[in-house]
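Engineer: just the structure for this:
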Amino acid sequence: MERGLFRLTVPTGGGKTISSLAFALRHAVKHGMDRVIYVIPYTSIIEQNAAVFREILGDSNVLEHHSNMDDFTAEGLEETEELKAMHLAAENWDKPVIVTTNVQFFESLYGSRSSRCRKLHNIANSVIIFDEAQMLPTDYLKPCTAMIEELIANYRVSAVLCTATQPALRPFFPKERHITELCPRMEEQFRFFKRTTFCDLGTVSKSQLEEHLSAERKALCIVNTRRQAQELYKELKSEGVYHLSTSMYPSHRRRVLEEIKTRLDDGRKCLVVSTSLVEAGVDLDFASVYRELAGVDSIIQAAGRCNRNGERVKEESVVHIFQWKDRETVPGQRQQIDTTKNLLAEGRNITELKTITEYFRRLYYIKGDSLDKKHILELFKDRDYHFATAAREFKLIEENTVTVYINREPE
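Structural biologist: Alright, predicted model coming up:
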């Protein structure tokens, strides 16, 4: 097909990563395009996907570029020839397949420093795949979709929005922009990949939830805050009980994930209490999942960790949705949670494609002007461009972070 905007709507566990790569390579060959750029929400998924691509395409053809890679080129480190080559490739994105983050990709396009902009010419004439497209940051949704449209319209780019929970992005593109679904038999496919049964536990106390979890052998429980995860883990702590959160540094988290995987494969008892970091791209398979009420997309992503490999019948693979008694809603998630609550109250099945679309439609409607909360698009009106201001304001991750070295790893 001609270049343009595509969607790949595939259920969790349906093989999106490799399918989208297959499409991108064929499409690039057909149109003489230069590279494939994979844009991913979290650094934790990047390493996993980049490893898959390297295995298929060979080490020298794949470049990872994200904040964890930048640390290796910190000032004062002696650069080896290999490191120099990596550093140059990262500044220029001069490889056939680039794996990067939403932050790196969009902040470069809205950036104004030459080091950030050095790679921009290599974005033209590429196939760009947005993995887990529902994770495009809602506070910057309008500037992000405007940038995607600009690249398609004027820079010979094809873009693929890839996810099990397609966000309702149609209104953010011009009416004449056609969106082609790469997997047209969606309903049939979602039926085929239905591997779980949902159960609403309603409101529970901490002790009731602990009771439920103590009776499980292979279960994952996802809560909305790090503090809740820590408290719950401390209460359940015993042989085979694990805790995962973004407070852990990457190598530590990887080690714990490996241990969890081994236990699950060996059929030993394994209970995991986690924040939402396990929802996307972490390849684990539990007999049951408990998910604190959250956005519909989060709940469906969490369900993707239950009976992931389809080895059990769906009736026995239960995803329990619960709410805490007397707990405050997390401020940043209130709108997502309220929208989900309303849909459940209306008796809707949240796993249906039309309910997912309706969830995003309502959420974006509620958010209104805050879909461009820093008014980035106003900085590019009437050919009066404020590049430096846009670069300063467009920050997908607001916190002003510093690198912390934890003196535990041999390297």
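Engineer: looking at the protein, which helix or strand is least sure?
Structural biologist: Ranking every helix and strand in the chain by mean pLDDT, DSSP states H and E puts helix 67-70 at the bottom, with a mean of 60.
Engineer: can you name the next helix or strand after that helix?
Structural biologist: Sequence order places helix 81-92 as the next helix or strand after helix 67-70, per DSSP states H and E.
Engineer: show me the contacts for the residue nearest to residue 280 when sequence neighbours are not counted.
Structural biologist: Spatial nearest neighbour of residue 280, chain neighbours left out: residue 132 (5.1 Å); criterion: CB to CB, 6 or more residues apart in numbering. In short, each C-beta sits where N, CA and C put it, glycine included. Shown in contact with residue 132 (CB atoms under 8 Å, 6 or more residues apart in numbering): 40, 41, 45, 162, 163, 280, 281.
Engineer: try residue 349
Structural biologist: So residue 349 contacts residue 355 (CB under 8 Å, 6+ apart).
Engineer: strands along the protein, start to end?
Structural biologist: All strands of the chain, identified by DSSP state E, fall at 5-9, 35-40, 62-65, 97-101, 126-131, 158-163, 179-181, 197-204, 218-222, 241-244, 270-274, 288-292, 318-324.
Engineer: please save the CA atoms from stretch 91-98 in CSV.
Structural biologist: Extracted in CSV, the C-alpha atoms of stretch 91-98 (Å, rounded to 0.1, in the frame of the first residue of the first chain):
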residue,chain,number,x,y,z
GLU,A,91,23.5,11.1,17.8
ASN,A,92,22.8,10.5,14.1
TRP,A,93,20.5,7.5,14.3
ASP,A,94,22.5,6.1,11.5
LYS,A,95,21.4,2.5,11.6
PRO,A,96,18.7,0.5,9.7
VAL,A,97,16.7,-0.2,12.9
ILE,A,98,16.5,2.3,15.8
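Engineer: buried set for it?
Structural biologist: 91, 93, 94, 95, 96, 97, 98 (16 or more other CB atoms under 10 Å).
Engineer: quick one: which of the residues you listed is nearest residue 155?
Structural biologist: Using CB to CB, residue 93 is the member of the buried residues of stretch 91-98 that sits closest to residue 155, with 13.8 Å.
Engineer: ok, the closest one to residue 3 distance?
Structural biologist: 19 Å (CB to CB, to the nearest Å).
Engineer: same check, this time on residue 271
Structural biologist: In this view, residue 271 and residue 3 are 48 Å apart by CB to CB.
Engineer: which one's more surrounded, those two?
Structural biologist: residue 271 (26 against 16; other CB atoms under 10 Å).
Engineer: from what I can see the more buried one touches residue 221, true?
Structural biologist: Yes: between residue 271 and residue 221 there is a contact at 7.4 Å, judged by CB atoms under 8 Å.
Engineer: now the common contact residues for those two.
Structural biologist: Counting by CB under 8 Å, 6+ apart, the shared contacts of residue 271 and residue 221 are residue 213.
Engineer: just for the chain, where's the confidence low?
Structural biologist: 44, 67-79, 82, 281, 398-400 (pLDDT under 70).
Engineer: next, format the strands of the chain as CSV and append distance to residue 304.
Structural biologist: Formatted as CSV, these follow (distance: least, CB to CB, whole Å):
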stretch, distance to residue 304
strand 5-9, 14
strand 35-40, 16
strand 62-65, 24
strand 97-101, 21
strand 126-131, 14
strand 158-163, 11
strand 179-181, 20
strand 197-204, 13
strand 218-222, 11
strand 241-244, 16
strand 270-274, 14
strand 288-292, 9
strand 318-324, 10
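Engineer: if anything else comes up later, I'll come back, but that's it for now.
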